[in-house]
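Asks: Any chance you could fold what I've pasted below:
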Amino acid sequence: MDWGHYFFSFNGRLNRAKQWLFLGLILVPALIYEGFVTNYLGVSWKEVGRLFSTDGFNTPTGQKALMLMLPLWLIIAFLSLTIGVKRLHDRNKNGLWIILFIYVPWALGFLHSDTMGVFRIAAFALNIWAFIELYCLRGTRGDNRFGPDPLAPSG
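Replies: Numbers count the residues shown, from 1 in each chain. So this is what the prediction gives:
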(Lines give C-alpha, C1' and ligand atoms only; values in the text may rest on other atoms or scores of the structure.)
Protein backbone atom coordinates (compact mmCIF):
# COMPACT_ATOMS: atom_id res chain seq x y z
CA MET A 1 0.00 0.00 0.00
CA ASP A 2 1.26 3.48 -0.89
CA TRP A 3 0.93 5.31 2.45
CA GLY A 4 1.59 8.73 0.88
CA HIS A 5 -1.34 8.27 -1.50
CA TYR A 6 -3.44 6.75 1.27
CA PHE A 7 -3.06 9.71 3.62
CA PHE A 8 -2.33 12.73 1.42
CA SER A 9 -4.09 12.31 -1.93
CA PHE A 10 -7.65 13.22 -2.83
CA ASN A 11 -7.59 11.00 -5.93
CA GLY A 12 -8.76 7.43 -6.33
CA ARG A 13 -10.96 5.13 -4.31
CA LEU A 14 -10.77 3.56 -0.89
CA ASN A 15 -12.72 0.55 0.35
CA ARG A 16 -14.38 0.14 3.75
CA ALA A 17 -11.58 -1.97 5.22
CA LYS A 18 -9.04 0.80 4.64
CA GLN A 19 -11.48 3.35 6.06
CA TRP A 20 -11.67 1.27 9.26
CA LEU A 21 -7.87 0.88 9.21
CA PHE A 22 -7.54 4.66 9.07
CA LEU A 23 -9.84 5.00 12.07
CA GLY A 24 -7.65 2.64 14.08
CA LEU A 25 -4.39 4.21 12.94
CA ILE A 26 -5.59 7.66 13.97
CA LEU A 27 -7.75 6.91 17.01
CA VAL A 28 -5.19 4.99 19.07
CA PRO A 29 -2.34 7.54 18.82
CA ALA A 30 -4.82 10.40 19.30
CA LEU A 31 -6.15 8.88 22.53
CA ILE A 32 -2.61 8.27 23.78
CA TYR A 33 -1.63 11.87 22.97
CA GLU A 34 -4.77 13.20 24.66
CA GLY A 35 -3.89 11.10 27.70
CA PHE A 36 -0.43 12.68 27.83
CA VAL A 37 -1.91 16.16 27.47
CA THR A 38 -4.46 15.66 30.24
CA ASN A 39 -1.76 14.12 32.47
CA TYR A 40 0.60 17.03 31.73
CA LEU A 41 -2.13 19.54 32.58
CA GLY A 42 -3.17 17.60 35.68
CA VAL A 43 -6.74 17.20 34.45
CA SER A 44 -8.87 14.16 35.23
CA TRP A 45 -10.71 12.32 32.46
CA LYS A 46 -13.99 13.61 33.95
CA GLU A 47 -12.86 17.18 33.29
CA VAL A 48 -11.72 16.62 29.72
CA GLY A 49 -15.13 17.27 28.13
CA ARG A 50 -15.56 20.49 30.03
CA LEU A 51 -11.99 21.53 29.27
CA PHE A 52 -12.49 21.13 25.52
CA SER A 53 -15.85 22.92 25.45
CA THR A 54 -16.00 26.47 24.16
CA ASP A 55 -16.35 27.76 27.74
CA GLY A 56 -13.34 25.74 28.91
CA PHE A 57 -10.98 27.58 26.58
CA ASN A 58 -11.50 30.76 28.64
CA THR A 59 -9.43 29.24 31.47
CA PRO A 60 -5.61 29.14 31.52
CA THR A 61 -5.65 25.34 31.57
CA GLY A 62 -8.13 25.28 28.69
CA GLN A 63 -5.93 27.60 26.65
CA LYS A 64 -2.90 25.35 27.23
CA ALA A 65 -4.99 22.33 26.24
CA LEU A 66 -6.11 24.09 23.07
CA MET A 67 -2.52 24.93 22.12
CA LEU A 68 -1.39 21.35 22.76
CA MET A 69 -4.34 19.67 21.01
CA LEU A 70 -4.78 22.03 18.05
CA PRO A 71 -1.93 20.52 15.95
CA LEU A 72 -3.36 17.02 16.45
CA TRP A 73 -6.87 18.20 15.56
CA LEU A 74 -5.63 19.89 12.39
CA ILE A 75 -3.74 16.78 11.30
CA ILE A 76 -6.78 14.57 11.97
CA ALA A 77 -9.05 17.03 10.14
CA PHE A 78 -6.84 16.96 7.04
CA LEU A 79 -6.41 13.19 7.05
CA SER A 80 -10.16 12.68 7.60
CA LEU A 81 -10.79 14.91 4.62
CA THR A 82 -8.47 13.00 2.27
CA ILE A 83 -9.66 9.58 3.42
CA GLY A 84 -13.33 10.62 3.38
CA VAL A 85 -13.11 12.00 -0.16
CA LYS A 86 -11.57 8.78 -1.46
CA ARG A 87 -14.23 6.75 0.36
CA LEU A 88 -16.93 8.89 -1.26
CA HIS A 89 -15.27 8.28 -4.62
CA ASP A 90 -15.59 4.55 -3.94
CA ARG A 91 -19.33 5.15 -3.45
CA ASN A 92 -19.30 7.04 -6.82
CA LYS A 93 -20.04 10.35 -5.12
CA ASN A 94 -18.28 13.65 -5.57
CA GLY A 95 -15.80 14.49 -2.80
CA LEU A 96 -17.72 17.67 -2.02
CA TRP A 97 -20.21 15.52 -0.11
CA ILE A 98 -17.62 15.56 2.67
CA ILE A 99 -18.74 19.10 3.48
CA LEU A 100 -22.20 17.78 4.34
CA PHE A 101 -20.84 14.80 6.26
CA ILE A 102 -18.08 16.46 8.29
CA TYR A 103 -18.31 20.24 8.30
CA VAL A 104 -22.06 20.85 8.48
CA PRO A 105 -22.51 18.71 11.65
CA TRP A 106 -19.41 20.34 13.12
CA ALA A 107 -20.81 23.83 12.44
CA LEU A 108 -24.22 22.85 13.81
CA GLY A 109 -22.47 21.71 16.98
CA PHE A 110 -21.54 25.31 17.74
CA LEU A 111 -25.22 26.22 17.86
CA HIS A 112 -25.72 24.88 21.37
CA SER A 113 -28.40 27.17 22.73
CA ASP A 114 -31.39 25.41 24.29
CA THR A 115 -33.54 26.76 21.48
CA MET A 116 -31.32 25.06 18.90
CA GLY A 117 -32.43 21.45 19.57
CA VAL A 118 -33.44 21.05 15.94
CA PHE A 119 -29.86 21.74 14.87
CA ARG A 120 -28.53 19.11 17.27
CA ILE A 121 -30.97 16.57 15.84
CA ALA A 122 -29.95 17.54 12.30
CA ALA A 123 -26.25 17.18 13.19
CA PHE A 124 -26.90 13.77 14.76
CA ALA A 125 -28.84 12.62 11.68
CA LEU A 126 -26.03 13.77 9.37
CA ASN A 127 -23.48 11.93 11.53
CA ILE A 128 -25.50 8.72 11.30
CA TRP A 129 -25.86 9.12 7.53
CA ALA A 130 -22.11 9.78 7.17
CA PHE A 131 -21.25 6.74 9.29
CA ILE A 132 -23.46 4.49 7.16
CA GLU A 133 -22.22 5.99 3.89
CA LEU A 134 -18.51 5.98 4.75
CA TYR A 135 -18.12 2.94 7.00
CA CYS A 136 -20.92 0.50 6.19
CA LEU A 137 -21.95 0.59 2.53
CA ARG A 138 -19.94 -1.18 -0.14
CA GLY A 139 -18.42 0.89 -2.89
CA THR A 140 -19.44 0.75 -6.51
CA ARG A 141 -18.67 -2.63 -8.07
CA GLY A 142 -16.26 -2.32 -10.96
CA ASP A 143 -14.72 0.83 -12.32
CA ASN A 144 -16.42 4.16 -11.80
CA ARG A 145 -15.55 7.73 -12.80
CA PHE A 146 -13.00 7.94 -9.95
CA GLY A 147 -10.98 4.86 -10.78
CA PRO A 148 -10.87 1.06 -10.64
CA ASP A 149 -12.61 -0.99 -7.96
CA PRO A 150 -10.18 -1.33 -5.04
CA LEU A 151 -11.60 -4.81 -4.36
CA ALA A 152 -11.15 -6.04 -7.93
CA PRO A 153 -8.59 -8.83 -8.28
CA SER A 154 -5.30 -7.44 -9.50
CA GLY A 155 -3.79 -8.94 -12.55
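
Asks: ok, and what's touching the lowest-mean-pLDDT helix or strand in the chain?
Replies: Ranking every helix and strand in the chain by mean pLDDT, DSSP states H and E puts helix 45-51 at the bottom, with a mean of 70. When contacts are defined by Cβ atoms under 8 Å, 6 or more residues apart in numbering, helix 45-51 is touched by residues Glu34, Thr38, Leu41, Val43, Gly56, Thr59, Thr61, Gly62, Ala65. Glycine gets a C-beta too; all of them are placed from N, C-alpha and C.

Asks: Looking at these, which one is closest to Ser80?
Replies: Within the set of the contacts of helix 45-51, Glu34 lies nearest Ser80; the separation is 16.2 Å, counting by Cβ to Cβ.

Asks: I'd say the closest one and Trp73 touch.
Replies: No: if you go by Cβ atoms under 8 Å, Glu34 and Trp73 don't touch, sitting 10.3 Å apart.

Asks: So those two - more neighbours on which side?
Replies: Using other Cβ atoms under 10 Å as the criterion, Glu34 and Trp73 rank with Glu34 on top: 17 against 12.

Asks: residue contacts, the more buried one?
Replies: Each residue near Glu34 by Cβ under 8 Å, 6+ apart is listed here: Val48, Met69, Leu72.

Asks: swap in Phe22?
Replies: Contacts of Phe22 by Cβ under 8 Å, 6+ apart are Tyr6, Leu79, Ile83.

Asks: Quickly note the distance from the residue nearest the centre of the chain to Asn11.
Replies: The centroid of the chain falls nearest to Ser80 when counting by Cα atoms, centre = their mean (4.5 Å). Per Cβ to Cβ, to the nearest Å, Ser80 is found 17 Å from Asn11.

Asks: what about the helices in this structure?
Replies: In the chain, the helices defined using DSSP state H lie at 3-8, 16-41, 45-51, 60-90, 97-98, 104-109, 117-131.

Asks: Make TSV from these and add distance to Asp143 to it.
Replies: Output for the helices of the chain, formatted as TSV (distance: least, Cβ to Cβ, whole Å):
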stretch	distance to Asp143
helix 3-8	18
helix 16-41	18
helix 45-51	45
helix 60-90	11
helix 97-98	20
helix 104-109	30
helix 117-131	25
